[in-house]
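Trainee: Quick one, what's the 3D model for this:
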Amino acid sequence: MNTLKVIVALLITGMLSAVPLYGAGTPAGTVIASRAKVTFTDALGANADSTFSNIVSVTVAQVAAVNVTPPNGAVTTSTDSVNVDYALAVLNSGNGTDKFTLSRISSKGWTVLFYKDANGNGIIDPAELAAGAIAATDSVKEDSTFRVVVRVVDPRNPALNNQTDSTTATAASQFNISKSSGSLLTTTVHTVNFSNIG
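Mentor: Residues are numbered from 1 along each chain as shown. As a prediction, this is how the structure comes out:
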């Protein structure tokens, strides 16, 4: 009796299952196709016949991820009634284009605003200030960065001397709101001589 050996070779790597395929670093929407080749041999090792399976295709699903850098920042002011700016980068670490909602929580309840840093220089230029504060990023392609400047408005109040505000600035994926990242911004008010103010 001839011995039948079955050799299965995947011609294109893929995962054949009913579960969506998630590929880290593989762009969302990428179609991955695969099929199997089966070769029959007789007892003497001679090839008797070969056949191919049907081609099976899967589409890479979008996966959201975001990283805000730097993860923290700290500034000590020399007066009250001042704007304190922090430059942040919002990196789309997912595998598809996404937008990110920007939010903030100030421990002192101070006003905190986000501005688009269009030229990436880390400061709010006159044109960027005139464009107004933003509540979300533009569309950001995978592995790309959207730069913002976070402005913490230190109010005019001498009683704030040596007090600290902790603001958490957060970017959350609009594709999957459970995916977010933030930066802790610490602003300490230190005034040297209040008699010179006003």
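Trainee: residues in contact with the residue nearest to the spatial centre of the chain?
Mentor: Residue closest to the average C-alpha location in the chain (C-alpha atoms, centre = their mean): Val66, at 1.9 Å. With contacts defined as C-beta atoms under 8 Å, 6 or more residues apart in numbering, Val66 is in contact with 90-94, 98, 100, 171-173, 179-181. To be clear about C-beta, it is placed using only N, CA and C from the backbone, and glycine gets the same treatment.
Trainee: Show me where the protein has its strands.
Mentor: In the chain, strands defined by DSSP state E lie at 5-10, 31-34, 36-41, 47-52, 56-59, 66-69, 72-77, 82-92, 100-106, 111-116, 145-154, 164-173, 180-189, listed in chain order.
Trainee: Look at Ala130 and say how many residues are nearby.
Mentor: The number of residues packed near Ala130 is 8, by other C-beta atoms under 10 Å.
Trainee: pLDDT below threshold where in this protein?
Mentor: 1-24, 40, 42-48, 192-198 (pLDDT under 70).
Trainee: nearest residue to Phe114 other than its sequence neighbours?
Mentor: Leu102 (4.7 Å; C-beta to C-beta, 6 or more residues apart in numbering).
Trainee: Bridging across strands, which residues link to the one you found?
Mentor: Ala171 (DSSP bridges).
Trainee: gap between it and Asn95?
Mentor: Separation of Leu102 from Asn95 (C-beta to C-beta, to the nearest Å): 22 Å.
Trainee: okay, now the closest residue to Ala136 other than its chain neighbours: neighbour count?
Mentor: In this structure, Ala136 finds its nearest non-sequential neighbour in Thr101, 5.0 Å apart by C-beta to C-beta, 6+ apart. For Thr101, the neighbour count with other C-beta under 10 Å is 14.
Trainee: re the thing from before, pick the one among the contacts of Val66 closest to Gly120.
Mentor: The nearest member of these to Gly120, counting by C-beta to C-beta, is Val90 at 12.0 Å.
Trainee: Next, find the distance separating that closest one from Pro70.
Mentor: Val90 is 12 Å from Pro70, by C-beta to C-beta.
Trainee: out of those two, which sits in the busier spot?
Mentor: Ranked by neighbour count (other C-beta under 10 Å), Val90 and Pro70 place Val90 first, with 25 against 12.
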